[in-house]
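> next one to model:
(one chain, ligands or ions: 1)
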Amino acid sequence: MNEEALRAELVERSRELHQRGWVANHDGNLTVRLGPGRFLATPTAVSKGAVVPEMLIVVDEKGAVVQGTRGGFSELKLHLAAYKARPEVQCVVHAHPPTATGFAVAGQELGPPFMAEPVVSIGPRVPLVPFGLPGDPDLEGAITQALAEADVLLLANHGVLSTGPDLETCVLRIELVEHLCRIALVARQLSGPTPLPTHVVEALTEKHRKLFPRGDATATETPLPMEASG
Ligand SMILES: [Zn+2]
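Prediction:
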């Protein structure tokens, strides 16, 4: 996809975050890897529903704006940490979808997988990364660590960070996590979700790894988080 098409898609996806009620005020941000040390990004201080192509900026690997007239957003460092941790990741999307963010502010993970298809799409775990303000090196370190085993993360007291090979996948991953959190919320009001058997989760995780191979050789050596608790 050429840069013009990427810009058009970034704007479309930005507006989608707003239309779906996953952001309020100036919340949320999206980036796309253009090439070595070049990332296309939404600008700071604008509603994701009001982004137009001329507003987009290009930043370098340190977050400095190298193209465009607007400023970079404060959470850019989180995106850059994700690109550094996972060389094959092409896009990062961050939003505050209400139910998944509810889990994140309550300090709760989804727990062991309770449905099959999501494991194939996003792996066996959506880790909860401890709270930190943007720019906190501990937060960036925690994101790097969490991305070694997962593609989409809950950020404590904050929201969701999604990575992927393209913007569509990033947005679908946020949609899926939000949906799973809604299902978990209902299940917890009943008898609680019944976890899938471990051997089933292992087989599904294998499928996930084949569908979405890692660029980082060390990531495949990370033990599977089968013992993850909720
Ligand atoms: Zn945020």
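> C-alpha only now, for contacts and for neighbours.
Fine.
> Pro124: how many residues sit nearby?
A total of 27 residues lie near Pro124 under the criterion other Cα atoms under 10 Å.
> Pro98 now?
Residues lying near Pro98 (other Cα under 10 Å) number 17.
> surely it touches Trp22?
Yes - with contact defined as Cα atoms under 8 Å, Pro98 counts as touching Trp22 (6.5 Å).
> skip the chain neighbours and tell me the closest residue to the residue nearest the centre of the chain.
Taking Cα atoms, centre = their mean, the centroid of the chain lies closest to Ser162, which sits 1.1 Å from it. Nearest residue to Ser162, sequence neighbours excluded (Cα to Cα, 6 or more residues apart in numbering): Val152, at 4.3 Å.
> right, and the helix or strand after the biggest helix by length in the chain?
Longest helix of the chain, by residue count under DSSP state H: helix 167-189. The element immediately downstream of helix 167-189 (helix or strand, assigned by DSSP states H and E) is helix 198-211.
> let's see that next one as PDB, backbone CA atoms only.
Presented in PDB, the C-alpha positions along helix 198-211 are these (Å, rounded to 0.1, in the frame of the first residue of the first chain):
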ATOM      1  CA  THR A 198      -5.500 -26.800  28.500                       C
ATOM      2  CA  HIS A 199      -4.700 -29.100  25.600                       C
ATOM      3  CA  VAL A 200      -7.300 -27.200  23.500                       C
ATOM      4  CA  VAL A 201      -5.800 -23.900  24.300                       C
ATOM      5  CA  GLU A 202      -2.300 -25.200  23.400                       C
ATOM      6  CA  ALA A 203      -3.500 -26.400  20.000                       C
ATOM      7  CA  LEU A 204      -5.300 -23.100  19.300                       C
ATOM      8  CA  THR A 205      -2.300 -21.100  20.400                       C
ATOM      9  CA  GLU A 206      -0.200 -23.100  18.000                       C
ATOM     10  CA  LYS A 207      -2.600 -22.100  15.200                       C
ATOM     11  CA  HIS A 208      -2.300 -18.400  16.300                       C
ATOM     12  CA  ARG A 209       1.500 -18.600  16.200                       C
ATOM     13  CA  LYS A 210       1.400 -20.000  12.600                       C
ATOM     14  CA  LEU A 211      -1.200 -17.400  11.500                       C
END
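> for the protein, give me the ranges with low pLDDT.
Applying pLDDT under 70 to the chain flags residues 216-230.
> repeat that with 90
Counting by pLDDT under 90, the chain has low-confidence residues at 1, 134-135, 213-230.
> could you pull out the helices in it for me?
Using DSSP H, the helices of the chain run over 3-19, 76-85, 98-105, 117-122, 137-147, 167-189, 198-211.
> got the buried residues for the longest one?
Of the residues in helix 167-189, 167, 169-171, 173-178, 180-182, 184-185 count as buried by neighbour count, 16 or more other Cα atoms under 10 Å.
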